[in-house]
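Visitor: Sharing a sequence plus its predicted fold:
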Amino acid sequence: MNDSEARSRIRTQGTGEPAAGAPVVYEAFAKLNLGLWILGKRRDGYHEILTVYQSIDLSDELVFEDAPDGVIEVGSDRPDVPSGPANLAFQAAALLRDECDGRAGGVRVRIRKRIPSGAGLGGGSSDAAATLVALNERWALGLEAAVLERLGARIGSDVPFFVRGGTQAGRGRGEILEPLRALENAAFLLVLPDLQISTPWAFARAKIGLTRSGSAFSMVKLGIQDGDLRRLGAALGNDLEAAVAAEYPVIEEIHSFLESRGCAGVAMTGSGSGVFGVLGSLDQARAVRAEMSGKGWTAFLVRPSATGNRRLERAAGARGGPA
């Protein structure tokens, strides 16, 4: 199965409900980590972290169509995206079906991938969250947002964030969320080398020691609260970045490039390979992007999004665009 589209949010957006059986399109937004600090290894094998999540307007699209009861099919327009149980959207649909036995139907999901994989942007988790939101509506399950977030945490640590979206502080595995003031006065230049990073690989190589995690986490939140990009940028950090850059020096090369161009702050997002610079406007981001010619990197000009997903009235392309 090929092609796709999607978007989602707990509250339905748009005018009215779709006709019964009509395909529904949801958009699922990517995220940046405005700081990621590792506090230690947990007994369950995960890591205890502090982070600040920010939804951005780079998105996948998912189209949901009816299928016979109990049938789940997932396809994508990219051959490297799994179509079966390895796909997080498939897992989300199966989990919701199993949890709501007798009330769920069947579904075909077509995913149009625009969020790069292996870049620390959470595309698979965002698709899973969009699937939970969309099928909760499509199957008329009536589950509260908190229930969808708890289900999402069983799929992946950052799926609860994508159910909620916007600007959120994250604790625990990243699933314990604290809403923050919307970040509205920022633009980001997101730069990707030709490189995909495995999240387990990055965490396995992270050196857990003394960090400025608590104070930096607080300063990022304060910068967001005050709308102070310089304060936010000065506190950015990612405890995974040094380990990833040691293996892949291009991460440090991109970091240094953005830093030298006057970004308020620069950091790797998630487990990489994406590195972003914080700027005050898209015009500033465009000016920096113009200096990247010939470096072989891909750049996206992105803005904060207030939601993790939403329903579309019709199919549309992802809003963030590569250089």
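Guide: Yep, it's here.

Visitor: Show me the strands in this structure, by range?
Guide: 24-41, 47-67, 72-76, 106-112, 167-171, 176-179, 187-192, 265-268, 275-279, 298-302, 309-312, 321-322 (DSSP state E).

Visitor: and the first one, how far out from the chain's middle?
Guide: When distances are taken as CA atoms, centre = their mean, to the nearest Å, strand 24-41 is centred 4 Å away from the chain's centroid.

Visitor: Tell me which residues of it come out buried.
Guide: Neighbour-count burial for strand 24-41 flags 24-39 (criterion: 16 or more other CB atoms under 10 Å). C-betas here are computed from N, CA, C, even on glycine.

Visitor: Also the fifth one?
Guide: Of the residues in strand 167-171, those buried by neighbour count under the rule 16+ other CB under 10 Å are 167-170.

Visitor: what about it, average pLDDT?
Guide: Average pLDDT, strand 167-171: 98.

Visitor: by how many degrees do that strand and strand 47-67 diverge?
Guide: Put simply, strand 167-171 runs at 120 degrees to strand 47-67, going by axes from the mean of the first three to the mean of the last three CA atoms, to 10 degrees.

Visitor: circling back to that earlier point, how about CSV for the strands of the chain, with distance to residue 84 added?
Guide: CSV is the format used below for the strands of the chain (distance: least, CB to CB, whole Å):
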stretch, distance to residue 84
strand 24-41, 19
strand 47-67, 14
strand 72-76, 7
strand 106-112, 12
strand 167-171, 29
strand 176-179, 30
strand 187-192, 27
strand 265-268, 31
strand 275-279, 32
strand 298-302, 28
strand 309-312, 22
strand 321-322, 29
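
Visitor: got any ranges where the stretch 101-250 of the chain has weak pLDDT?
Guide: Along the stretch 101-250 of the chain, the model assigns pLDDT under 70 to residues 209-212.

Visitor: where along it do the helices fall?
Guide: 123-138, 145-153, 159-164, 199-205, 213-226, 229-235, 241-247, 250-260 (DSSP state H, counting those that start in this stretch).

Visitor: picking up where we left off before, among the strands of the chain, show me which one is buried the most.
Guide: strand 275-279 (a mean of 28; mean count of other CB atoms under 10 Å).

Visitor: coming back round to it: ok, of the buried residues of strand 24-41, which one's closest to residue 287?
Guide: residue 32 (20.2 Å; CB to CB).

Visitor: Provide the partner residues of the closest one in its beta bridges.
Guide: Residues in a beta bridge with residue 32, per DSSP bridges, are residue 54.

Visitor: State the distance from it to residue 101.
Guide: Look at residue 32 and residue 101: by CB to CB, to the nearest Å, they are 37 Å apart.

Visitor: same question, residue 215
Guide: From residue 215 over to residue 101 (counting by CB to CB), the distance is 48 Å.

Visitor: Kindly report the same for residue 263.
Guide: From residue 263 to residue 101 the distance is 50 Å (CB to CB).

Visitor: Of those two, which one has the most company?
Guide: Between residue 263 and residue 101, residue 263 has the larger neighbour count (other CB atoms under 10 Å), namely 24 against 7.

Visitor: Apart from its neighbours in sequence, what residue is nearest the more buried one?
Guide: residue 277 (3.3 Å; CB to CB, 6 or more residues apart in numbering).

Visitor: and the one you found, what does it touch?
Guide: Going by CB atoms under 8 Å, 6 or more residues apart in numbering, residue 277 touches 188-189, 191, 258-259, 261, 263-266, 285, 288.

Visitor: How far away from the center of its chain is stretch 67-86?
Guide: 20 Å.
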